[in-house]
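# Build me a structure from this.
(chains A, B and C)
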Amino acid sequence: MTILNVDNITMQFGGLKAVSDLKIDISEKEIVGLIGPNGAGKTTAFNMITGVYKPTLGNVYFKDVNITGIKPHEITKLGIARTFQNIRLFKELSVLDNVLIANHLRLKSGIVASVLKTPAYKKEEKHIYEKSLQLLEDVGLLDLINEKAENLPYGKQRRLEIARALATEPQLLLLDEPAAGMNPQESLELMEFIREIRDKFDIAILMIEHHMQVIMGVCEKIYVLDYGVTIAQGSPENIQNDPKVIEAYLGVE
Amino acid sequence: MKKHRVLTALAVVVIIGLLGVFNLTFDSYRLRILNLCGVYVVLGLSMNLINGFTGLFSLGHAGFMAIGAYVSSLMTMSPELKDTVFYAVPINPFVKAMSAPFPIALLMGGIAAGILGALIAAPILRLKDDYLAIATLGFSEIIRVVATNLQSITNGALGLKGIDRVTNTGWSWGIAILTIYFMKKLMDGSYGKAILAIREDEIAAEAMGISLFRHKMYSFAIGAFFAGIGGGLLAHMLGTIDPLMFRFILTFNILLIVVLGGIGSITGTVISACVVTSMMEVLRFLEGKMDFGFFEIQGIPGMRMVVFSALLMSVILWYPRGLMGTSEFNWDFILEKKYLKLFKKKKTVSEEK
Amino acid sequence: MDGQVFLQHLTNGISLGSLYALLAIGYTMVYGILRLINFAHGDIFMFGTYMAYYAITSFMMPWWLSFIIAIMLTVIFGVMVERSAYKPLRNSPRISVMISAIGASFLIENIAIVVFGGRPKTFPVPEMFAKVLRFGEVSIVSVTLYTPVITLLLLGVLLYIVNKTKTGMAMRAVSKDYEAARLMGIDVNRIISFTFAIGSGLAAVGGIMWGMKYPTLLPLMGMMPGLKCFIAAVVGGIGDIRGAVLGGFILGLSEIMIIAFFPALTGYRDAIAFVLLIVILLVKPTGLMGQNLTEKV
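The predicted structure is shown next:
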């Protein structure tokens, strides 16, 4: 069943077409890759799907609902979560707080209840704590919960960002270069990790990456962008042998 | 955690006890300073919520205080008193009739300010940084100019006089303690954390499902509410208010307090409010001696403010995190003797030599 | 209202607009380069006026020399403020810089109260600017007519500098992209100082002409005009010199004309600027001549 249907979206900034007629289909629990040289429009595509930009043309459908132009926080509520290329953690806040905050959107209690600490609120708060601790254990950060997010080493920051996104209970997770800065060993672990979370949380994943090893190893379907235009799509084998893709990259690992 | 609860309860009891003792033993001058400290704790915390915790550049505080001050005062003043005070232009009959006992009047002042905060928030909160600052400043000035001109409602430039000076230690510090408690409870909870997230990274916060608008509005309205309460307390301490009191310099004074204490720290704001307020009074001697044929313009003292402006500049240039930065008071700091860490560093350096 | 009175108001409006424009230019240039609201600009304006005052009254210098000296001193003062209050915070979060600006403004104002004294002083207007000219039933003080002329002259010089000289090009480069300009070898510090110098100089001229039109000097005289002129710059489109001039004239004319047509609103005169601000921020936040900027996510 298709959960994400990106229907010919175009993003135009003044005279510049950052993305042209992008079409992506993602099924439940599918792991899909979005690759292309720098500046190809991949993050722009993410921004259009998550509501940061409103597409100049075209529509985005999530679970058959038209989400084009809806505000980012509402799209997250509907079930799409993301991480960022440059890691946007809540730096001064603790590791635990970063994940706790991502649960806020599911909170039913109002602000008054949260100040008065009503029994209903306290119950929800407890649940949030337990859920967050579990998530942090899953990503292996349980020993660092009180550490300030910005003090974490790079690799762990990326894991934290993923844990945080997972806390919003998404059905689709958008990962923007999760393997950036990782060595081959870490990349392998990441690949395993991505498969695990897909299985454990029943989510589909759309991933931007430059690490070919990770993309080819873990994605079931890949889209290739160059200057905003989709130049190829298909299975990893097809993509690897596609002359247009090779030409676009020319020398990337 | 339970250990801490007991300690905190004990501390509160001790503080209340101390306040009681001060109340009985202080002369009226010292008492006034003490009560003023309490009021500025409330004001400081209200600004700290908006500027410190949510990270919004709001410079409109004086406006909210004015609303609170005027609404509460017009309610506690008797109709006869109002007639006397509104001698130039007769008072609007509805305003004349409006009456309530102090606690209700104070609350209404806060609510009026809070509602205005919410109304202003709607169009204004999508502005960035500097623009938000200027827009809030603009609104504050508009409120002041309107207050100066609506003669039949606010008595214009003449202001209100004869306000019942009800604010004693009980009221000022009672509400201060309640405000501290409220802020702590708010920031401990999920909504408080959401607000901090907005300060840290708006885009990330939004991506995590937090409605920027709704939460900024909460923060703004609550901050405005407490500013209104503070304004009301102030009015009932001074006995007279006029639009000139609510110029930008008032916002600046509270900003000074919040910055010195550490933007984003309840503890810092509380300490800073007490220290700054006391020093403002104590430093009056600087003005007694500085006699250059000194003419007090519209009530702004000279030298004290030079010292405080210089102080603010020094802090922002060399120690911008203020006293506490974003940290809060923690029992562990004392119990686990973490304060020794402060001394440890110095020891090692001298040992190396 | 008959034609002559209308013309009188119009002339006053243009004159006031010129003064606002001179001040607004300083704000817009500084904001364009540093993204900083120079809250102290209004006080630099005040400083210029007082310097001219003291030069004429205490040092008995001929007015044209006093004016030149006042402008020079103000330029130095403006650059000093930048060096001490803003430069150290170039890499600090925006809120720190803004607080520093506010703090600097208050510090200058309070020192002025102590040093200059709080009692109002009367500016000694030179005869040439104090002549009262009569046109029918209407009378206009000569300075009102000199002001727009001088403003336009200075504006012409400024636009020449900005558009036709190397330094001007450097200024535009820094305001478009600070980092890139640095990498291209532009001495950013020098450009910033130069920008503040020009802004302060224009403020001094504005201050002197203001002092001649409204001869009562007070240490806080710069606060309201300063705020209003920043608003004028925002209305016109912050970062754009033409926008600042446009904003200044819109504000000056609005203030005079609205009060002329609705004398009952005289008490609300100061609020006009703020209402204009709110309206423009809601309708077109980048200002009348501004461009849109999107943040990269």
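# Tell me which stretches of the stretch 101-250 of chain A form strands.
Per DSSP state E, counting those that start in this stretch, the stretch 101-250 of chain A carries strands over the ranges A:172-176, A:204-208, A:221-226, A:229-234.
# Then the stretch 101-250 of chain C?
Under DSSP E, counting those that start in this stretch, the stretch 101-250 of chain C gives strands at C:121-122, C:132-135, C:138-141, C:216-217.
# what's the first one packed up against?
Helices and strands touching strand C:121-122, as assessed by 3 or more CB pairs under 8 Å, 6 or more residues apart in numbering or on different chains; DSSP states H and E, comprise strand C:216-217. Heads up, the C-betas are built off the backbone N, CA and C, glycines and all.
# ok, the strand it packs on near chain B or not?
No. Strand C:216-217 lies out of reach of chain B by CB under 8 Å from any CB of the partner chain, never closer than 12.3 Å.
# partner strands of that strand, parallel or antiparallel?
Using DSSP bridges, strand C:216-217 pairs in its sheet with strand C:121-122 (antiparallel).
# roughly how far apart are residue C:93 and residue B:161?
43 Å (CB to CB, to the nearest Å).
# for residue B:224, same thing?
In this structure, residue B:224 and residue B:161 are 26 Å apart, going by CB to CB.
# Check residue A:211 too.
74 Å.
# Quick check on the two: which one has the bigger neighbour count.
Between residue A:211 and residue B:161, counted using other CB atoms under 10 Å in any protein chain shown, the more crowded position is residue A:211 (21 against 15).
# my guess is that one contacts residue A:179, does it?
Yes. Using CB atoms under 8 Å, residue A:211 makes contact with residue A:179 at a distance of 4.3 Å.
# shared neighbours of those two, anything?
Common neighbours of residue A:211 and residue A:179 are listed as residue A:187 (criterion: CB atoms under 8 Å, 6 or more residues apart in numbering or on different chains).
# If you tally nearby residues, what's the number for the closest residue to chain C within the stretch 51-200 of chain A?
Nearest residue of the stretch 51-200 of chain A to chain C: residue A:52, at 5.3 Å (CB to the nearest CB). Counted with other CB under 10 Å, the neighbours of residue A:52 add up to 20.
# In a helix, residue A:22, correct?
No. Counting by DSSP: H, G, I helix; E, B strand; the rest coil, residue A:22 is located in no helix; its state is strand.
# Now do the SS call for the residue lying closest to it once chain neighbours are set aside.
The shortest distance from residue A:22 to any residue other than its chain neighbours is 5.1 Å, reached at residue A:9 (CB to CB, 6 or more residues apart in numbering or on different chains). Three-state assignment for residue A:9 (three-state DSSP): strand.
# List the residues that contact residue A:9.
Residue A:9 sits next to A:19, A:21-22, A:45, A:48, A:55, A:57-60, A:68 when contact means CB under 8 Å, 6+ apart.
# Which ones among these map onto helices?
Under the assignment DSSP state H, the contacts of residue A:9 contribute A:45, A:48 to helices.
# Would you mind giving the contacts of residue A:9 as CSV with neighbour count added?
Listed next are the contacts of residue A:9 as CSV, based on neighbours: other CB atoms under 10 Å in any protein chain shown:
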residue, neighbour count
A:19, 28
A:21, 14
A:22, 26
A:45, 29
A:48, 25
A:55, 23
A:57, 15
A:58, 18
A:59, 14
A:60, 26
A:68, 18
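# farthest pair in the contacts of residue A:9?
Using CB to CB, the pair of the contacts of residue A:9 lying farthest apart is A:21 and A:68, separated by 14.6 Å.
# Can you pull out the low-pLDDT segments for the stretch 151-297 of chain C?
In the predicted model, the stretch 151-297 of chain C carries pLDDT under 70 at residues C:291-297.
# please redo it, this time with the cut-off set to 90
C:159, C:161-191, C:215, C:220, C:223-224, C:227, C:230, C:237-243, C:260-271, C:274-297 (pLDDT under 90).
# Could you pull out the helices in it for me?
Under the criterion DSSP state H, counting those that start in this stretch, the stretch 151-297 of chain C contains helices at C:166-176, C:178-183, C:188-213, C:223-236, C:241-261, C:269-283.
# tell me the most buried of those helices?
helix C:223-236 (a mean of 27; mean count of other CB atoms under 10 Å in any protein chain shown).
# which strands and helices sit next to it?
helix B:129-149, helix C:3-34, helix C:41-57, helix C:94-116, helix C:241-261, helix C:269-283.
# what's the following helix or strand after the third one?
In this case it means helix C:41-57. Next along the chain after helix C:41-57, taking DSSP states H and E as the criterion, comes helix C:63-81.
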